[in-house]
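> Have a look; sequence and predicted model below, questions after that.
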Amino acid sequence: MGWNIPLFETDFGPDELAAVQRPIKAGWLTMGEETLALEEELRQRLGVKHCFATTNCTAALHMAGAALGLGPGDEVLCPSLTFVASANAICYTGATPVFCECLDEHDLNLDVEDARRRITGRTRAILAVHYAGFPCAVGELAALAREHGLALIEDCAHAVFSWSGGRPCGAFGDAGCYSFFSNKNITCGEGGAVVTDRDDLAEALRLLRSHGMTSLTLDRHKGHAFTYDVLLHGYNYRIDEIRAALLRAQLTKLDGALDRRRALFVKYKEALAGTHIVVPFADRTESAEWPQTAVHIMPVLLSPGTDRRTVMEGMKKAGIQTSIHYRPAHRMQAFRREAVRLPVTEAVAARELTLPLYPGMTDADVATVCKTLLGCTGSQGADSEPLARENLT
């Protein structure tokens, strides 16, 4: 159906159209000069030593785990309130995801102390996620990883590009992974990147991305190499030139787009203040780091007991698209284990509703979404108590 206000909307124009024509005119579509230029632009923006563009963020996460040597018998701590790719990528290596709680209804990121309690002799790594683009307590997680000799992988799929403590999300751990999927802050449809400051990890990532080969097609095309060896069992996780060129055009617009996303988040916060709708991360707008927060999605929490499906149907009838981020991964059939219970995560996930957020939205659009949402929820749960962990265990 056609939406009056969609969940997200791409921002493509003449610059993107010109960009995707460059590789076509050049006659080189596989990973080449556009990819190299994109990686350098990303590397400079993030201030990291190494950057590898990939076919998607899931591939980047898999490469990071493989490069770190994760395998069968290893455990990796990760939040349950995340897209399933985070957990799937762990499983690709043969390791086991150990799901952890989110903090509370005001911060949907990983609870560091809950992660600490779940460390065992088999724990090899922590996979941290920056939910909705709001940095998690990544400095604390990095310290926890150092304390126990663990690797730290950052899933920055939402955080393109957030900063925390003067550093970009993705630069705190051993590797940081980014997504350029259709609904992300910049997009090429499908695409990703993995960054690291470790030279040894960079060499493994370089090989893993393209079948473990010692030279690439571009090297041989330029006459820099005539043959190759295969040093390890790698993957085909290369990005193509058209998507790399498209991302380069999108990257030039990112700062303005992020300014608008932050402004829209504040509009939502103000419109829903004093209502029965909880806006997670609302206090972040008062932080000194707010100007460096790359807001990605607009999550809100309905009152406990609200029929979310009915609310979403009401929004749909008004032409407003909504979504859910996310059904907890530990409740998915592929990951379900009888002994796992995460009461805080389960409670907030049951209430979460994602509202439209994209730079092309107007202030009037935000007002319409909020008015419709409040009309669909009525006064349900207006006097309900805030979420408290002790009430859920």
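Perfect, I can see it now. Worth saying up front: this structure is predicted, and the values here are computed from it rather than measured. Numbers count the residues shown, from 1 in each chain.
> Could you pull out the strands in this protein for me?
Counting by DSSP state E, the chain has strands at residues 50-54, 75-79, 96-100, 102-104, 107-110, 123-129, 151-155, 163-164, 167-168, 175-179, 192-196, 298-301, 352-355.
> So for the longest helix seen in the chain, what gets flagged as buried?
With secondary structure taken from DSSP state H, the chain has its longest helix at helix 254-272. Residues of helix 254-272 classed as buried: 254, 257-258, 260-262, 264-265, 267-269, 271-272 (neighbour count, 16 or more other Cβ atoms under 10 Å). Just so you know, the C-beta spots here come from the backbone N, C-alpha and C atoms, and that holds for glycine as well.
> Could you do stretch 16-30 as well?
Quick answer for stretch 16-30 (16+ other Cβ under 10 Å): 16, 19-20, 22-23, 28.
> contact partners of that stretch?
32-34, 217-218, 221, 238, 240-242, 244-246, 248-250 (Cβ atoms under 8 Å, 6 or more residues apart in numbering).
> Equivalent analysis for stretch 266-284, please.
Applying Cβ under 8 Å, 6+ apart, the contact partners of stretch 266-284 are 105-108, 132, 134, 285, 290, 293, 298-303, 348, 351, 355, 357, 363, 366-367, 369-370, 373-374, 377, 379-382, 384, 386.
> now with 7 Å?
105-108, 132, 134, 285, 290, 293, 298-303, 355, 363, 366-367, 370, 373-374, 377, 380-382 (Cβ atoms under 7 Å, 6 or more residues apart in numbering).
> Give me the domain ranges for the chain.
Here the domain assignment for the chain is 14-251, 256-391, based on automatic domain parsing.
> Tell me which of these is the most buried.
Mean neighbours per residue, mean count of other Cβ atoms under 10 Å, is largest over the domains of the chain for domain 14-251, with a mean of 20.
> got the residue ranges for the helices in the stretch 201-350 of the chain?
Applying DSSP state H, counting those that start in this stretch to the stretch 201-350 of the chain gives helices spanning 217-221, 241-251, 254-272, 308-317, 343-351.
> how far off helix 241-251 does the longest one point, in degrees?
Using axes from the mean of the first three to the mean of the last three Cα atoms, to 10 degrees, the inter-axis angle of helix 254-272 relative to helix 241-251 is 60 degrees.
> Quick one: distance of helix 254-272 to the chain centre.
In this view, helix 254-272 has its centroid 18 Å away from the chain centroid, taken as Cα atoms, centre = their mean, to the nearest Å.
> Average pLDDT for it, rounded please.
What helix 254-272 shows for mean pLDDT is 98.
> Restricting to C-alpha, output it in CSV.
C-alpha atoms of helix 254-272 as CSV (Å, rounded to 0.1, in the frame of the first residue of the first chain):
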residue,chain,number,x,y,z
LEU,A,254,25.3,12.4,5.9
ASP,A,255,26.0,15.3,8.3
GLY,A,256,22.9,17.2,7.2
ALA,A,257,20.8,14.1,7.4
LEU,A,258,22.0,13.4,10.9
ASP,A,259,21.2,17.0,12.0
ARG,A,260,17.7,16.5,10.8
ARG,A,261,17.3,13.1,12.4
ARG,A,262,18.3,14.6,15.8
ALA,A,263,15.9,17.5,15.3
LEU,A,264,13.0,15.1,14.5
PHE,A,265,13.8,13.0,17.6
VAL,A,266,13.6,16.1,19.8
LYS,A,267,10.2,17.0,18.1
TYR,A,268,8.9,13.5,19.0
LYS,A,269,10.2,13.8,22.5
GLU,A,270,8.5,17.1,23.0
ALA,A,271,5.2,16.0,21.5
LEU,A,272,5.0,12.9,23.7
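> looking at this structure, which helix or strand does the model trust least?
Least confident helix or strand of the chain, by mean pLDDT, DSSP states H and E, is helix 217-221 with a mean of 61.
> hang on, the earlier thing: a markdown table please, covering the strands of the chain and showing distance to R337 and mean pLDDT.
Formatted as a markdown table, the strands of the chain follow (distance: least, Cβ to Cβ, whole Å; pLDDT from 0 to 100):
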| stretch | distance to R337 | mean pLDDT |
| --- | --- | --- |
| strand 50-54 | 30 | 98 |
| strand 75-79 | 13 | 98 |
| strand 96-100 | 9 | 97 |
| strand 102-104 | 18 | 98 |
| strand 107-110 | 19 | 98 |
| strand 123-129 | 16 | 98 |
| strand 151-155 | 21 | 98 |
| strand 163-164 | 32 | 98 |
| strand 167-168 | 35 | 98 |
| strand 175-179 | 25 | 98 |
| strand 192-196 | 29 | 98 |
| strand 298-301 | 26 | 98 |
| strand 352-355 | 22 | 98 |
